[in-house]
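Chemist: Just to be clear, the model below is a prediction. Sequence and coordinates:
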Amino acid sequence: MKIHFIAIGGSAMHNLALALHHKGEEITGSDDEIFEPSKSRLKQKNLLPQKFGWFPEKITPDLDAVILGMHAKANNPELLKAQELDLKIYSYPEFIYEHAKQKTRVVIGGSHGKTTITSMILHVLNYHDKQVDFMVGAQLEGFDNMVHLTKENDFILLEGDEYLSSPIDPRPKFHWYQPNIALISGIAWDHINVFPTFENYVEQFKLFVDGMTRGSTLVYNEEDDEVKKIAEQATQPTRKHAYSTPEHTIEDGETYLMTPEGPMPIEVFGKHNLQNLAGAKWICQHMGVDEDDFYEAIATFKGASKRLEFLFESSKVKVFKDYAHSPSKVMATTKAVKQQFESRKLIACLELHTYSSLNAEFLNEYKSSLQNADEAVVFYSAKALQIKGLEPISEEQIEQAFNFSGLKVFTAASKFQEYLKVKHFNNHVLLLMSSGNYGGLDFGELKQWIE
């Protein structure tokens, strides 16, 4: 097939482009900006556009398909040309579904944890050499590409994102997939620019479950009240399996999972990650991996990229970074790190970067989210507010919303970096949380400052 990507540089889009290229399809693409690592990975396979921008002349009648990414706008010149030529235009999830509709579709959904759970499952399957198609939203150690598509594999494992499918398709991505096996990890209000009320957001998960195939299997976190309610009311799945936080202990900064063979040390930690592990175990069993084999494999899982990722340590401080940005994720991650390293002082640094987190009305959702930290820092840039077309936020609003005594607030990247550079660390854990890049923080320089 000859396939053109509009907005090829996105995290998911470039992975799909690479997967289809590997499969033997003829791939072209456009974008107005492409950042690392997408840029280097596309360039390596000669898929990087020669010029950035939108070029309607790339859209020709001989294209078999156009795949439209969320980064593009509804008035994108290439999209308009494709519509004029009446070409087949797919959103990312629609194209994935077309590939997967004859396979057993395993979809992992939830406001938080879905990337980690999907990665855990994939790690276990790969450890035992069980071949499946997959699509995961973060890089995983041992995998070159996080999208893999074949004709022969029976299963496809999909991370089920609730965000919109494309600029011309307002349906949440995971509504496309119609799972045979599904998991919901938890529900916490997110994407308020798209789902203006909590009730509207929860409704998307109800519709996700309603879209499951007849005779399907639903795995769900029974410790989440909203998830439990949806699962108990669901009529499509004929089998339902609840999971909760498994028994475990923490000794000298290491977590031990209780198994039938006794306590087993694991690389990940925190209540939320233990819940993720319990959900992943159920899914793996439905995909043909028994309990003993699951435990053997999961012992070596180090985590998905940017998900509570250990960066480095010195004699004075351990440094972690995490993708956490929504209030529930920030609270869970901060609590997990504090519980894991009780004897150390925790400095939690949060960058407000997303539309929701920079919305003045949403800020109050962050109340008490940093309560487990010994010292807390919030950084955001006025430029991010301007780019997103949001009203200015004052430092006083931040302080009032977080309700954390002694909270430090920085609005300039240079000031935030200077704080880290001169900080006197002594038996600390430094936790950096953001879906952005902390104002251009160089982790190599950070390591030099700390050492």
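Modeler: Here it is on my side, so go on.
Chemist: helix, strand or coil for the most centrally placed residue in the chain?
Modeler: Compute the mean C-alpha point of the chain, and by CA atoms, centre = their mean the closest residue is Thr115, 4.8 Å away. Put simply, Thr115 is helix when judged by DSSP: H, G, I helix; E, B strand; the rest coil.
Chemist: That one: what's it in contact with?
Modeler: Listed by CB atoms under 8 Å, 6 or more residues apart in numbering, the contact set of Thr115 reads Val136, Gly137, Ala138, Glu159, Ala304, Arg307, Tyr323. Quick note: C-beta positions are derived from backbone N, CA and C, even for glycine.
Chemist: same thing with Ile34?
Modeler: Counted by CB under 8 Å, 6+ apart, Ile34 has contacts Ile8, Gly9, His14, Leu42, Leu48, Pro49, Phe52.
Chemist: Equivalent analysis for Met287, please.
Modeler: Val106, Ile121, Leu125, Lys130, Val132, Phe155, Leu157, Ile181.
Chemist: hang on, Leu63 in a helix?
Modeler: No. Leu63 is assigned coil when assessed by three-state DSSP, not a helix.
Chemist: Would you state the helices of the stretch 301-450 of the chain in chain order?
Modeler: In the stretch 301-450 of the chain, the helices defined using DSSP state H, counting those that start in this stretch lie at 327-340, 382-387, 395-402, 413-422, 443-450.
Chemist: What segments of the stretch 201-350 of the chain are strands?
Modeler: Remark: strands assigned in the stretch 201-350 of the chain by DSSP state E, counting those that start in this stretch are 216-221, 237-243, 248-251, 254-259, 262-266, 309-313, 317-322, 345-351.
Chemist: winner for burial among the helices of the stretch 301-450 of the chain?
Modeler: Counting by mean count of other CB atoms under 10 Å, helix 327-340 has the highest mean neighbour count of the helices of the stretch 301-450 of the chain, with a mean of 22.
Chemist: For that helix, what is the distance to the chain centroid?
Modeler: Relative to its parent chain, helix 327-340 has a centroid offset of 16 Å by CA atoms, centre = their mean, to the nearest Å.
Chemist: what number of residues lie near Val48?
Modeler: Small correction: residue 48 is Leu, not Val. 19 (other CB atoms under 10 Å).
Chemist: Could you do the one 5 residues further on as well?
Modeler: Gly53: 11 surrounding residues under other CB under 10 Å.
Chemist: list the contacts for the residue nearest to it when sequence neighbours are not counted?
Modeler: Nearest residue to Gly53 in three dimensions, chain neighbours excluded: Asp32, at 5.7 Å (CB to CB, 6 or more residues apart in numbering). By CB under 8 Å, 6+ apart, the contact list for Asp32 reads Phe52, Gly53, Trp54.
Chemist: so the last one touches Leu80, yeah?
Modeler: No. Assessed by CB atoms under 8 Å, Trp54 is found out of contact with Leu80, at 9.6 Å.
Chemist: Comparing the two, which residue is more hemmed in?
Modeler: Neighbours were counted for Trp54 and for Leu80 using other CB under 10 Å; Trp54 has more, 20 against 14.
Chemist: Please determine how far the more buried one is located from Met212.
Modeler: Per CB to CB, to the nearest Å, Trp54 is found 38 Å from Met212.
Chemist: ok, back up a step: would you list the helices of the stretch 301-450 of the chain in CSV and tack on mean pLDDT?
Modeler: Below are these laid out as CSV (pLDDT from 0 to 100):
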stretch, mean pLDDT
helix 327-340, 92
helix 382-387, 77
helix 395-402, 93
helix 413-422, 94
helix 443-450, 89
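Chemist: Could you dump those into TSV with distance to Ile347 added?
Modeler: Listed next are the helices of the stretch 301-450 of the chain as TSV, based on distance: least, CB to CB, whole Å:
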stretch	distance to Ile347
helix 327-340	10
helix 382-387	22
helix 395-402	15
helix 413-422	9
helix 443-450	12
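Chemist: Of the contacts of Asp32, which is the nearest to Pro263?
Modeler: Phe52 (53.1 Å; CB to CB).
Chemist: Neighbours of that closest one, how many?
Modeler: Neighbours around Phe52, by other CB under 10 Å: 12.
Chemist: could we number from 49 for the rest of this?
Modeler: Shifting the count to begin at 49 puts that one at Phe100.
Chemist: so how far is Leu127 from it?
Modeler: 17 Å.
Chemist: before we move on, what about Glu251?
Modeler: Distance, Glu251 to Leu127, by CB to CB: 28 Å.
Chemist: Just want to know which of the two has more residues nearby.
Modeler: Per other CB under 10 Å, whichever of Glu251 and Leu127 has more neighbours is Leu127, with 24 against 13.
Chemist: Would you mind measuring from the nearest residue to Phe491 once chain neighbours are set aside to Lys329?
Modeler: Distance criterion CB to CB, 6+ apart; nearest residue to Phe491, sequence neighbours excluded, is Leu359 at 6.2 Å. From Leu359 across to Lys329, the span is 28 Å (CB to CB).
Chemist: Comparing these two, which residue is more hemmed in?
Modeler: Between Leu359 and Lys329, counted using other CB under 10 Å, the more crowded position is Lys329 (20 against 14).
Chemist: Asp341 is in contact with the more buried one, correct?
Modeler: No. The criterion here is CB under 8 Å, and Lys329 misses it with Asp341 at 10.4 Å.
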